[in-house]
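In: Provide a 3D model corresponding to the input given below.
(one chain, ligands or ions: 1)
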Amino acid sequence: MEFVLIAIAIVLVALVAGVGLLVGRGRRTTRLDDDAASGTTLTRPRPPAAPPTAERPPAGATASGLGVAPAEPDAVTPDAPPEVELPPAVAEPDLVFETPPPSAGRLVRLRSRLARSQSSLGRGLLTVLARERLTEDDWEEVEETLLAADVGVAATTQIVDRLRTQAMVLATASPADLRALLVRELTAVLGPDLDRTLGTDRREGRPGVVLVVGVNGAGKTTTVGKIARVLVGDGRSVVLGAADTFRAAAADQLETWGERVGVLTVRGREGADPASVAFEAVRTGVEAEVDTVVVDTAGRLHTKSGLMDELGKIKRVVEKQSPVTETLLVLDATTGQNGIVQARVFTAAVEVTGIVLTKLDGTARGGIVVSVQRELGIPVKLIGLGEGADDLAPFEPEVFAEGLVGGAD
Ligand SMILES: Nc1nc2c(ncn2[C@@H]2O[C@H](COP(=O)(O)OP(=O)(O)OP(=O)(O)O)[C@@H](O)[C@H]2O)c(=O)[nH]1
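Out: As a prediction, the model looks like this:
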């Protein structure tokens, strides 16, 4: 009889412990969801990037988008009874992440997209330079062609002066030689020695943080998505931060980019403090030990001081967690000199370390790369050459010059 009573007591204790554990999980999930209603949410964690021992952000983070409950990193502790079996995870048969191609060599693949610049700049110059004897009118035409392509006055003068000293060579050059010479001169004004390395590596045991700034409409959110693909394609682990909280659609857009390659996105509610979203994104990245956190910021700001305050605050709070290793300014190449004026507002607000020029496929003014770099004194690191997911390429001066001159493909 005693044995029976002891056996019943053991079974009861085991049952209470098991039920308690399951209810605990349920409570945690409920609390997360409640908190998420007023705070920050994490969307679609990539299985390998899910934080193994992460603490939840106090704002209340949750995972959504996969239709499954979020991972509960703190549900299993070393003290938990090992014999209690939790329900098995449900497999997601349709869940297939894309594997983007590595970024190396992308510009070679995409340089034909510079066709509009090529026909007005490259072909224009080759036609004039191929003339037997170059007159003053011809040199003026060379100058006008370069200026019309937004190369800028200083670089135009440099190119024309150098070409003039090679007039004898030009007179006898074959079309192939002429082309090579022009590529060389254009490459020289594109800053071939500038350091264009993207600061995305972990530093001091923490993720690299890339802040992406720029006016709305320049292609900023799209670029953040494309950068995530570049990084994933190059074998990096990534977390995205949707700190452009002015427009809910921007966060949705970013989430979609993240979902496609299995990258986790941290977002806030519309109108939430962008700095707090950036903070949560970086904290998530630190806990998950990812390589890089990429943060999209808002560019729809009315005053320069507002912009300075906001970007300054984002940088300050982010750096409580991890150093900002790269600040990229996204500029729309089709806006020409206006883009440079806008850029100055951002460079005054935050220390920009690299430029991303988007929409170079849509302009005949590919020379804008030269003037942007010269006028801002910041290297162009990435260029956008289309709306496709992998149409963002690391900038390589010589390959770009070849694209402008044409005839290499
Ligand atoms: N042709 C072309 N279109 C691009 C390129 N980059 C971005 N776009 C397009 O530009 C448009 C604006 O891009 P977004 O990323 O929404 O711009 P944004 O700066 O984030 O603006 P908000 O979303 O309002 O913050 C989209 O239709 C993009 O597809 C590019 O390199 N080439």
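In: which parts of the stretch 251-400 of the chain are helices?
Out: Under the criterion DSSP state H, counting those that start in this stretch, the stretch 251-400 of the chain contains helices at 274-288, 304-318, 337-349, 368-376, 397-405.
In: which other residues reach the last one?
Out: Residues lying outside helix 397-405 but in contact with it, judged by C-beta atoms under 8 Å, 6 or more residues apart in numbering, are 107-108, 111-114, 117-118, 121-122, 125-126, 149, 179, 182-184, 186-187, 190-192, 366-367, 369, 383, 408. Every C-beta, even on glycine, is put in place using the N, C-alpha and C of the backbone.
In: circling back to that earlier point, single out the most deeply packed of the helices of the stretch 251-400 of the chain.
Out: Using mean count of other C-beta atoms under 10 Å, the stretch among those with the greatest mean number of neighbours is helix 274-288 (a mean of 26).
In: just checking, what packs against that one?
Out: strand 208-213, strand 238-243, strand 264-267, strand 292-297, helix 304-318 (3 or more C-beta pairs under 8 Å, 6 or more residues apart in numbering; DSSP states H and E).
In: which one of the ones you listed has the poorest average confidence?
Out: Ranked by mean pLDDT, the helices and strands packed on helix 274-288 bottom out at helix 304-318, with a mean of 87.
In: what sits up against that helix?
Out: 209, 211, 213, 243, 274-276, 278-279, 282, 295, 297-298, 301, 324, 327, 345-346, 348-350.
In: which residues does the closest residue to P274 other than its chain neighbours bridge with?
Out: Once flanking residues are discounted, P274 sits nearest to A243: 4.1 Å by C-beta to C-beta, 6 or more residues apart in numbering. Applying DSSP bridges to A243 gives these bridge partners: T297.
In: quick thing: my sequence starts at 314, can you match it?
Out: New numbering, starting at 314: the last item is A556.
In: A556 reaches V606, doesn't it?
Out: No: using C-beta atoms under 8 Å, A556 is not in contact with V606, being 10.7 Å away.
In: list the contacts for T638?
Out: 512-514, 516, 521-523.
In: change it to 6 Å
Out: 512, 521-522 (C-beta atoms under 6 Å, 6 or more residues apart in numbering).
In: can you get me a residue count around Q566?
Out: Per other C-beta atoms under 10 Å, the neighbour tally for Q566 reads 18.
In: ok, now the one 10 residues further on?
Out: A count of neighbours around V576, defined by other C-beta under 10 Å, yields 29.
In: that one and V551 touch, don't they?
Out: Yes: taking C-beta atoms under 6 Å as the definition, V576 is a contact partner of V551 at 4.8 Å.
In: now do the shared contacts for those two.
Out: What both V576 and V551 touch, as defined by C-beta under 6 Å, 6+ apart, is the set A541.
In: what ranges do the strands span in the protein?
Out: 354-356, 376-377, 521-526, 551-556, 577-580, 605-610, 637-645, 667-671, 693-697, 705-707 (DSSP state E).
In: mind putting the ones you listed in a markdown table, distance to the ligand included?
Out: Output for the strands of the chain, formatted as a markdown table (distance: least, C-beta to the nearest ligand atom, whole Å):
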| stretch | distance to the ligand |
| --- | --- |
| strand 354-356 | 17 |
| strand 376-377 | 21 |
| strand 521-526 | 9 |
| strand 551-556 | 10 |
| strand 577-580 | 13 |
| strand 605-610 | 7 |
| strand 637-645 | 6 |
| strand 667-671 | 4 |
| strand 693-697 | 2 |
| strand 705-707 | 7 |
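In: tell me which of those sits nearest to T412.
Out: Comparing the strands of the chain against T412 with C-beta to C-beta, the closest turns out to be strand 551-556 (13.4 Å).
In: by contact count, what packs against that closest one?
Out: With contacts defined as 3 or more C-beta pairs under 6 Å, 6 or more residues apart in numbering; DSSP states H and E, the packing partners of strand 551-556 are helix 533-546, helix 561-574, strand 577-580, helix 587-601, strand 605-610.
In: want to throw the helices and strands packed on helix 587-601 into a markdown table with distance to R477?
Out: Output for the helices and strands packed on helix 587-601, formatted as a markdown table (distance: least, C-beta to C-beta, whole Å):
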| stretch | distance to R477 |
| --- | --- |
| strand 521-526 | 41 |
| strand 551-556 | 49 |
| strand 577-580 | 54 |
| strand 605-610 | 45 |
| helix 617-631 | 42 |
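In: out of the ones you listed, flag the one nearest V455.
Out: Evaluated over the helices and strands packed on helix 587-601, closeness to V455 peaks at strand 521-526, with 36.3 Å, by C-beta to C-beta.
In: chain center to the closest one: distance?
Out: 8 Å (C-alpha atoms, centre = their mean, to the nearest Å).
In: quick check: residues of the stretch 414-563 of the chain near the ligand?
Out: Proximity of the stretch 414-563 of the chain to the ligand (C-beta under 6 Å from any ligand atom) is limited to residues 529-535, 557, 560, 563.
In: now which of the residues you listed would you call buried?
Out: Buried residues within those, defined by neighbour count using 16 or more other C-beta atoms under 10 Å: 529, 531-535, 557, 563.
In: name the nearest residue to E639, ignoring sequence neighbours.
Out: Per C-beta to C-beta, 6+ apart, closest to E639 is G512, 3.7 Å.
In: quick one, what contacts the residue of the stretch 364-513 of the chain found nearest the ligand?
Out: Closest residue of the stretch 364-513 of the chain to the ligand, C-beta to the nearest ligand atom: R426 (8.4 Å). R426 makes contacts with 674, 698-699, as judged by C-beta under 6 Å, 6+ apart.
In: same question for R424.
Out: Contacts were defined as C-beta under 6 Å, 6+ apart; by that measure R424 touches 712, 716.
In: find me the pLDDT at it, would you?
Out: Reported pLDDT for R424: 88.
In: quick revisit: would you mind giving me the ChimeraX syntax to select the buried ones in the contacts of R426?
Out: The ChimeraX selection below is limited to those of the contacts of R426 classed as buried (16+ other C-beta under 10 Å):
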select :674,698,699
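In: okay, the contacts of R426 in JSON lines with distance to A646 next?
Out: Formatted as JSON lines, those follow (distance: C-beta to C-beta, whole Å):
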{"residue": "D674", "distance to A646": "9"}
{"residue": "L698", "distance to A646": "10"}
{"residue": "G699", "distance to A646": "12"}
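In: out of the contacts of R426, which touch the ligand?
Out: Answer for the contacts of R426 near the ligand (C-beta under 6 Å from any ligand atom): 674, 698-699.
In: in JSON lines: those residues, plus pLDDT.
Out: Formatted as JSON lines, the ones next to the ligand among the contacts of R426 follow (pLDDT from 0 to 100):
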{"residue": "D674", "pLDDT": "94"}
{"residue": "L698", "pLDDT": "95"}
{"residue": "G699", "pLDDT": "95"}
